[in-house]
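*Asks:* My questions concern the predicted model and sequence given below.
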Amino acid sequence: MPFARILRSSALMGGAQVVVLAAGFVRAKAIALILGASGVGLIGIFNAFSGNVSSLAGWGLGTSGVRLIAGAQEDEKPSKVAAVRRFGWTLSLLGLGGALIAFWPVARVTFASGQYATEMAIVALAVPCVIASSMWSAIVQASGRIASLAKVQVAGALTGLLLGLPAIYLWGTLGIALSIFLAAAVPAFVLWRTAHAACPPPAIAHVDRADLRQLAKLGGALMVVGWLGQLSAYVVRLAIVRQEGLEAAGYYQAAFAISGSLPGFVFAAMGADFFPRVAAAKDEVEALEITEKQILACLLLGSPLIVALLTLGKLSIHLLYADTFDASIPLLTWMTWGVFMRLVSWPLGYRMLARGSSRVLIVFEGAAGIIAAIAPAFLMKWAGLNGAAMGFFWASALYAMAQLAYLRWRFGVMVGWVTLQTVAAAMLLIFCGQLSAMLMPGQFFGIIPTVISTLISWVLYRRMAAKEANR
């Protein structure tokens, strides 16, 4: 796979993800101005509830569906698509029922009262939309229509924002819940139209029961993994609310959202383009080669953004939220370094999703989810709210080291020296940028190291692309 193509597909999905993230920040900014830090904390809790139920009921369909379709022969793909459709509709109905059953007890446990039960009921309606979106997205993604998927994400994000903002302004916390529902419902509708055009259902859809069993088996493992990840995020927020209060949860949510925002487009590209390619690799040697190229692409695209987050953190907090959110600034630093660790570990994690066994996946990712929940809660007792962000960093670092150790143990190989040297060089570049911003006055100085790191990444990309073209 040409390195230039990896970057082009990453940039394509990245551009769409930037629009999605920008829409999310506009919504968060409106909430911060209207309802303050407590409103931002509420949206984090509502999203965590929706994410937990969606991960549980969604049964990993967004990933298992791609793996099933992408790894099939061309003449087998129609039946695979039909199996994904049937399984997806069933899961959507189950998700709706589960969310409607769970919203009341979850609201009572979280807030120690039924104050926000109505809002949680509205958020529950987003769950089947999220599951349906994963179904349609898997079909579009596995067909290789990355450009169509990017357009859908942009259209859904902008439409959901335009409909959600008036609701927040008019109805406050009820509007927050309604905006979450709209942010899930609009993309689901647009994805349905796109998937229908890309892969129209046949008059008679043949569904192989073996395909349904494969979706259930792999999806079960992915469901456990995804649910543990969502549960760990919810546990952290619950611990913050109980120990530090709802406003502290708002500061945490602000830092969490910003730290994962700009590099988020790199991770979106991995799910859309890298995952189907590594799932379809003919052997483990090719899979490792694709993975290493993806790690290099993540570092080239993500390092300048990491530098920007570390050197312009205060400015971004004030711009995207409010001047009263200064408590989020130290959290942002720790979380940003945690995101850097994910630039390395997530390609390895996607490789495991694509080619690993269900049992190993559950054990590995389950342990990672438990650590991600325990580390912040434990460190909060020692360092207060900052401990939650420190826990995020250490959990991310341990996950990256564990992925490398598993690769060595399972396949007897490690990523190449070029990749390891690039990781070390990127860490040094980012640290120097952070240090320069700390030593120089003014919150705008971070623009200089950000521009320098961008130029360095661009030069390295040109050299790698030229070297690859001359082979």
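*Replies:* Yep, it's here.

*Asks:* so after whichever helix or strand Pro128 is part of, what's the next helix or strand?
*Replies:* Taking DSSP states H and E as the definition, one finds Pro128 inside helix 126-142. Using DSSP H and E, the helix or strand that follows helix 126-142 in sequence is helix 146-171.

*Asks:* Going by contacts, tell me the helices and strands next to that next one.
*Replies:* helix 3-35, helix 126-142, helix 173-198 (3 or more CB pairs under 8 Å, 6 or more residues apart in numbering; DSSP states H and E). C-betas here are computed from N, CA, C, even on glycine.

*Asks:* For the shortest one, C-alpha coordinates in CSV please.
*Replies:* Going back to what we said before, that points to helix 126-142. C-alpha atoms of helix 126-142 as CSV (Å, rounded to 0.1, in the frame of the first residue of the first chain):
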residue,chain,number,x,y,z
ALA,A,126,-30.3,8.2,20.3
VAL,A,127,-29.1,4.6,21.0
PRO,A,128,-30.9,2.8,18.1
CYS,A,129,-29.8,5.6,15.8
VAL,A,130,-26.1,5.1,16.8
ILE,A,131,-26.5,1.3,16.2
ALA,A,132,-28.1,1.8,12.8
SER,A,133,-25.4,4.3,11.9
SER,A,134,-22.7,1.6,12.6
MET,A,135,-24.6,-0.8,10.4
TRP,A,136,-24.8,1.6,7.4
SER,A,137,-21.3,2.9,8.0
ALA,A,138,-19.9,-0.7,7.9
ILE,A,139,-21.5,-1.3,4.5
VAL,A,140,-20.3,2.0,3.0
GLN,A,141,-16.8,1.6,4.5
ALA,A,142,-16.3,-2.0,3.4
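
*Asks:* Okay, angle between that helix and helix 173-198 too, please.
*Replies:* For helix 126-142 against helix 173-198, the angle by axes from the mean of the first three to the mean of the last three CA atoms, to 10 degrees is 30 degrees.

*Asks:* Check the offset of helix 126-142 from the chain's centre.
*Replies:* 15 Å (CA atoms, centre = their mean, to the nearest Å).

*Asks:* Return the list of helices and strands in contact with it.
*Replies:* Identification of packing neighbours for helix 126-142 by 3+ CB pairs under 8 Å, 6+ apart yields helix 37-58, helix 61-70, helix 77-111, helix 146-171, helix 173-198, helix 275-279.

*Asks:* Identify the residue spatially nearest to Phe340, adjacent ones excluded.
*Replies:* Residue nearest to Phe340 in three dimensions, not counting chain neighbours: Ile306, with 5.2 Å by CB to CB, 6 or more residues apart in numbering.

*Asks:* Neighbours of that neighbour, how many?
*Replies:* 26 (other CB atoms under 10 Å).

*Asks:* So it versus Val40, what's the distance?
*Replies:* 23 Å (CB to CB, to the nearest Å).

*Asks:* Ala281 too?
*Replies:* Ala281 is 42 Å from Val40, where distance means CB to CB.

*Asks:* same question for stretch 260-267, mean pLDDT?
*Replies:* The pLDDT scores in stretch 260-267 average 65.

*Asks:* do the same with stretch 46-54
*Replies:* For stretch 46-54, mean pLDDT rounds to 87.

*Asks:* Equivalent analysis for stretch 101-119, please.
*Replies:* 87.

*Asks:* Kindly export it (C-alpha atoms) in PDB.
*Replies:* The C-alpha trace of stretch 101-119 is given here as PDB (Å, rounded to 0.1, in the frame of the first residue of the first chain):
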ATOM      1  CA  ILE A 101     -35.400   0.200  30.500                       C
ATOM      2  CA  ALA A 102     -32.100   1.500  31.800                       C
ATOM      3  CA  PHE A 103     -32.500   5.300  31.700                       C
ATOM      4  CA  TRP A 104     -34.400   5.700  35.000                       C
ATOM      5  CA  PRO A 105     -32.200   3.600  37.300                       C
ATOM      6  CA  VAL A 106     -29.000   5.100  35.700                       C
ATOM      7  CA  ALA A 107     -30.400   8.600  36.300                       C
ATOM      8  CA  ARG A 108     -31.100   7.800  39.900                       C
ATOM      9  CA  VAL A 109     -27.600   6.300  40.500                       C
ATOM     10  CA  THR A 110     -25.800   9.100  38.700                       C
ATOM     11  CA  PHE A 111     -27.500  12.100  40.200                       C
ATOM     12  CA  ALA A 112     -28.900  10.600  43.400                       C
ATOM     13  CA  SER A 113     -32.400  11.800  42.300                       C
ATOM     14  CA  GLY A 114     -34.700  11.800  39.300                       C
ATOM     15  CA  GLN A 115     -33.900  15.400  38.400                       C
ATOM     16  CA  TYR A 116     -32.600  14.600  34.900                       C
ATOM     17  CA  ALA A 117     -34.700  11.500  34.200                       C
ATOM     18  CA  THR A 118     -36.600  13.200  31.300                       C
ATOM     19  CA  GLU A 119     -33.300  14.200  29.700                       C
END
